[in-house]
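**Q** Next come a sequence and a model predicted from it.
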Amino acid sequence: MKTSEVPGRATARSGGLARIAGSFQFDGPRHGAVVVLVAVLVFAALRYDRFYSPFHVKAFLSSTDVVCIGLIAIGMTFVISLGEIDLSVAGTAVLASIVAAMLAPHGLAVTLAGAVAVGFVVGAVNGSLIALLELPSFIVTLAALLALKGLALILSGNDKIPVDFGTQLVTFYDGSLGQVVPYPFLVLLAVFLVAWVAYSFRAFGRHVLAIGGNRLAAELMGLRVARSRFTAFLITGSVAGLAGAFLTAKTTSGNPLEATGWELNVIAAVVLGGTLLTGGRGSVPASLVGVLLLASVFEVLNFENGQGALTIDSNWQNVVRGLFLLLIMVVQAGITMRGEHLQRRRIRDQLAVARPIRPVADSG
Amino acid sequence: MSPVATEMQPAGAPPTAGPDRRHPTRTIGHQHGVWIALALLVLANVVLTDDFLTLSTLQVNLTQMATIVIAAMGMTMIMATGGIDLSVGSLMAIAGAASGYLLLSDTTVFGGGWSGVLLIVAVGMLAAALFGSFNGFLVAHLRIQAIVATLVLLIAGRGIARLMTNGRLFTFDNPELLLLGRGQIAGLPIQALIMVAVVVVTLVLVRLTTFGRYVIATGGNERSAHLAGVPVRRVKYLVYTIGGALAGLAGLLSVAVNGTVDAANLGLGIEFPVIAAVAIGGTRLTGGNARVLGTLGGAALMQLLAYTLIRHDIPKEVANLVQAAVIVAAVAMQRRKRV
């Protein structure tokens, strides 16, 4: 008992750095992802000469794994924090991608507006069914995925729609700031900032977390639950629409068979970031970290393949991808458990500090 | 500490289980929405489709849904604990690949016959159960969220299966195994009989055994279940293992139907129809209830719908739209009224 008192008091009394360190709340899943991301990036720097070359940085930051998955993951953070899920994002993206390919000759603004509008409408339909009719989001969005893929096939006439290289959409996507930071990545950053503010510094984000944490309590508190849930699906729909336009730009075609499995990549990224699927806890920066983590791990694998150190055929590649995902999760699980352990110990230490003041001392 | 209820509510959710005295019609819709939708679809078919009420219609539909239902039985238990298994399709492929080793050599080593088939099935199910237990380990012991934990095997599992078969597709002519997939007893496909047996066993397991109560308690409120003495970890570990074994059985049946082992396509994308069947059946994704018969109804509804659309020459893309609408409608019927 005596020994555990000392560190608690020392942290509280000494100022400066120790105080900051003392107030630092270790949040296992979130900080675990950052630690692993840094480790992966350092590993890449040490192992590959060209990983941080401007050319590769630009290629990496404009890949669909970063831009499209990132955009959707930011939106998905709201839905998952509510304790809901949106499986329809890949369908939304692919339908928006077809629409964007059709609108591409009419200029950038029209194309992006059209794609986002598609996503907005999809989000509104999903949101109405889920928030107003109280249908389970998993089923509604699963059905929507099926329907949207069907719509994309009908609209495209079951074929690719090519997009001209000279269209504003494609030149915008290929453009970059100082040959390093691609414009689509800047768009991602802008969306990220807006979402971060809305999530962490505005009432909307608090409402989302409150509803995700305990819906009944949120209702009894008088929060407009239906409205927040509806809005969250509008957000995922809209960002998925934007991601669809960027997909068209990246592949210079609207292809109804693209974007398969995106929903799982997005969910994996959000969860790796540390957002709880059961709702009530999450953060937008954490989701971005999750996206970058997943993308850089896959990129490292590509480099490993390209270096010829080990040539991996596609079967092995999937096995290795799975194993990497596993490795990250196990490391994170370890960090989480360690973090929880530390947190428990800190609470115990604080109790130990408080105990002499309170006359009743129990071992709880 | 209260005894374990048959159906538990997650914290914060309004009470929904049990007959609602104030809304008798809503209760019927809630409890039997799937069956009402199914009955309506059958009626529509009787009127609209030629030669619908024949034995061959029943045979075709039962054959098509058998693998999905068998895999969905495991999924029902997994989802009842609040988990999910995205890797079912990959587990099916692994089971097929594992049995492939025996299929290539069975005529010489086991002299064929039913004992050989039994061994093939046992090995396939065991292999899939092994990988399923790996899922269980990740979820139960490392406490990784199920949707990402099983994503690992969804991605890697098919690669493993293809490596096991060297990426090749091979055909076999084991007569007993083919009979298992294509044979009939009293006009009913053997597959369908196996399906019924699996459903009955699952029903007994969920409704009449302590394990079943544990499953539902774990999904209802894991913490209170743990405090009440439910071995939560072991329960979770076991449902993924059982789910793996059943996915393996489903995989072997589709191998038996096709007469080929094709690790690249066996069970590819089956996770969505399986999960849809469970969810349409009324099992909540958050866990705490297990509607075994509902899952059967959900799978039947999806299958009959696909069959109806194909029979009326509706293009696949339009069929997708119709299926989506019916899924939503079926779920809307069992909508729960919120307080």
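**A** Perfect, thanks for sending it. Numbers count the residues shown, from 1 in each chain, chains lettered A, B, ... in the order given.

**Q** Let me know whether residue A:243 touches residue A:95 as I believe.
**A** No. Using Cβ atoms under 8 Å, residue A:243 is not in contact with residue A:95; the gap is 11.5 Å. Quick note: C-beta positions are derived from backbone N, CA and C, even for glycine.

**Q** out of those two, which sits in the busier spot?
**A** Each of residue A:243 and residue A:95 has its neighbours counted (other Cβ atoms under 10 Å in any protein chain shown); residue A:243 has more, 35 against 32.

**Q** Next, the contact list for the more buried one, please.
**A** A:64, A:67, A:68, A:69, A:71, A:72, A:89, A:93, A:96 (Cβ atoms under 8 Å, 6 or more residues apart in numbering or on different chains).

**Q** dump the residue contacts of the fifth one.
**A** Applying Cβ under 8 Å, 6+ apart, one finds that residue A:71 lies in contact with A:187, A:188, A:191, A:239, A:240, A:242, A:243, A:246.

**Q** Narrow these to those in helices?
**A** Of the contacts of residue A:71, the ones assigned to helices by DSSP state H are A:187, A:188, A:191, A:239, A:240, A:242, A:243, A:246.

**Q** Format those as CSV; extra columns: pLDDT.
**A** As requested, the ones in helices among the contacts of residue A:71 are exported to CSV (pLDDT from 0 to 100):
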residue, pLDDT
A:187, 95
A:188, 96
A:191, 97
A:239, 97
A:240, 97
A:242, 96
A:243, 96
A:246, 95
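
**Q** out of the residues you listed, who's nearest chain B?
**A** Of all these, chain B sits closest to residue A:240, with 16.7 Å by Cβ to the nearest Cβ.

**Q** Go ahead and confirm the closest one touches residue A:74.
**A** No. Assessed by Cβ under 8 Å, residue A:240 is found out of contact with residue A:74, at 10.7 Å.

**Q** near chain B at all, the strand or helix carrying residue A:146?
**A** Applying DSSP states H and E as the criterion places residue A:146 in helix A:137-155. Yes. Helix A:137-155 lies within reach of chain B by Cβ under 8 Å from any Cβ of the partner chain, at A:138-140, A:142-144, A:146-147, A:149-151, A:153-154.

**Q** TSV please, covering the residues you listed and showing distance to residue A:130 and pLDDT.
**A** Below are these laid out as TSV (distance: Cβ to Cβ, whole Å; pLDDT from 0 to 100):
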residue	distance to residue A:130	pLDDT
A:138	10	83
A:139	10	83
A:140	5	90
A:142	12	87
A:143	11	89
A:144	10	93
A:146	16	88
A:147	15	92
A:149	19	91
A:150	20	90
A:151	19	93
A:153	25	92
A:154	24	92
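
**Q** For these, pick the one with the most neighbours.
**A** Highest neighbour count within the residues of helix A:137-155 next to chain B: residue A:143, with 30 neighbours (other Cβ under 10 Å).

**Q** ok now do it, which residues does it touch?
**A** Residues near residue A:143 by Cβ under 8 Å, 6+ apart: B:276, B:323, B:324, B:325, B:327, B:328.

**Q** mind running it again at 7 Å?
**A** If a contact means Cβ atoms under 7 Å, 6 or more residues apart in numbering or on different chains, then residue A:143 has B:324, B:327, B:328 as its contacts.

**Q** Please report how far residue A:323 lies from residue B:153.
**A** Distance, residue A:323 to residue B:153, by Cβ to Cβ, to the nearest Å: 11 Å.
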